[in-house]
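> Make a model of this:
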Amino acid sequence: MINKSDRPIEVTYQFKDSPGSFNPQLPKVKPVAQLDDDDTAWRELPADQYVTNSYGRAITVTVAPKTAVLIDRVEGPGIPDDSKFHLSDVVVRGAYGTIMLHGQQVRKAFVEEGKLYAINYR
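Numbers count the residues shown, from 1 in each chain. Purely as a prediction, here's the structure:
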């Protein structure tokens, strides 16, 4: 998720049901200007900067302006088919409107952005 706006956004993303305990990759951030820089690592967020809802299989994070948040990682080129895609819902709230994606809409909303695939908020 890339926040290209000049205001913070709130992103809530929900994972599909799967057997076992809820153990998602926790959110990491990187400045938009450094997204293609392999020498700049994604920075893990402190626990007080996001909320995990294990029952609802969701994470909510506030993303600063001109910042990207890594919400999931899938190996291989391109966007995987639905069977390998982990997210079921994404809701983005910001000063310039709300984006609500469910099911196939989530996977189809990701577009190529340099070396990764992302949903952009402007």
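
> This protein: helices as residue ranges?
Remark: helices assigned in the chain by DSSP state H are 104-109.

> which sections of it are below the confidence cut-off?
Residues of the chain that meet the criterion pLDDT under 70 lie in 75-81.

> residue closest to the middle of it?
Centre of the chain computed as the mean C-alpha position; nearest residue by CA atoms, centre = their mean is residue 71, 3.4 Å away.

> nearest spatial neighbour of it, skipping sequence neighbours?
Leaving aside its sequence neighbours, residue 71 sits nearest to residue 13 (CB to CB, 6 or more residues apart in numbering; 5.0 Å). Glycine gets a C-beta too; all of them are placed from N, C-alpha and C.

> Kindly report the same for residue 9.
Nearest-residue entry for residue 9: residue 94, 3.8 Å, with adjacent residues in sequence omitted and distances by CB to CB, 6+ apart.
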